[in-house]
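A.B. asks: I'll drop the sequence and a predicted model, then ask my questions.
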Amino acid sequence: QFSRRMWSCRTLCYLVVLAVATAKKPLGEMKVKVLHTPKECVDTAAKGDFVSIIQTGYYKKEKIDENPDLPDGSGPEPLRIKLGKGRVLAGMEQALAGMCLNAEVEIKIPPHLAFDDPTKSFDNKPVPPKSWVTYKIRLVQIEHPHSFWPLWVILLGSIGAVIARGFGMFSSPQNETAVPPRKNKKSKRA
């Protein structure tokens, strides 16, 4: 009995060691460093929002990506994206979600959230496989597409009321008045 237990323990230990040795290693976590936070966080970005960012990407201190300059030369043209649509690196989207307007971060993105992301296809990867990249991102504008619906409801309601009034739906009948008309009394002169 003792040898069976010993064999079972050895087998179990061997299987655990084998499982640990052949298990996939963790892919690595993204590292976020806050460079600037506004004094007051008046608005944050969320999935589904349109955001405009100024961004610069680096691979080992070599610039690999940046916003183009505005035609008038006044600075970089912000990149406008819809969060959650996958138009930028997954690591960039993760960093932007929950970020305050006018905040600036530096993120170190692991390969699986950058250019080795299996859900994306790149025509020309600016870095070798299994490369970490660094991005500096400043969030300069947030548009919440769902925040304008009350304005549309009010506008459409007003247009509907004007049209309905034009067709006489809200006008009162001509002979009804709130105050009865005064009768003119003729004074008799003697």
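C.D. replies: Looks like it came in fine. Numbers count the residues shown, from 1 in each chain.
A.B. asks: Next, the residues that contact stretch 82-93 from outside, please.
C.D. replies: 30, 45-51, 55, 79, 81, 96-97, 107, 109-110, 113-115, 117, 119-120, 133, 135, 137 (C-beta atoms under 8 Å, 6 or more residues apart in numbering). All C-beta atoms are positioned from the backbone trio N, CA, C, and that covers glycine.
A.B. asks: and those, which of them are in helices?
C.D. replies: If you go by DSSP state H, the contacts of stretch 82-93 have Leu96 in helices.
A.B. asks: Please pick the buried ones from the contacts of stretch 82-93.
C.D. replies: 30, 45-46, 49, 51, 55, 79, 81, 96, 107, 109-110, 113-115, 117, 133, 135, 137 (16 or more other C-beta atoms under 10 Å).
A.B. asks: residue ranges for the strands of the protein, please.
C.D. replies: 31-36, 50-59, 62-66, 79-82, 104-109, 133-143 (DSSP state E).
A.B. asks: mean confidence score for the shortest one?
C.D. replies: Read that as strand 79-82. Throughout strand 79-82, pLDDT has a mean value of 95.
A.B. asks: likewise the longest one?
C.D. replies: With pLDDT averaged residue by residue, strand 133-143 scores 96.
A.B. asks: same thing with the fifth one?
C.D. replies: Averaging the model's pLDDT scores along strand 104-109 yields 97.
A.B. asks: In the sheet, which strands lie alongside it, parallel or antiparallel?
C.D. replies: Strand 104-109 sits in its sheet next to strand 31-36 (antiparallel), strand 133-143 (antiparallel), going by DSSP bridges.
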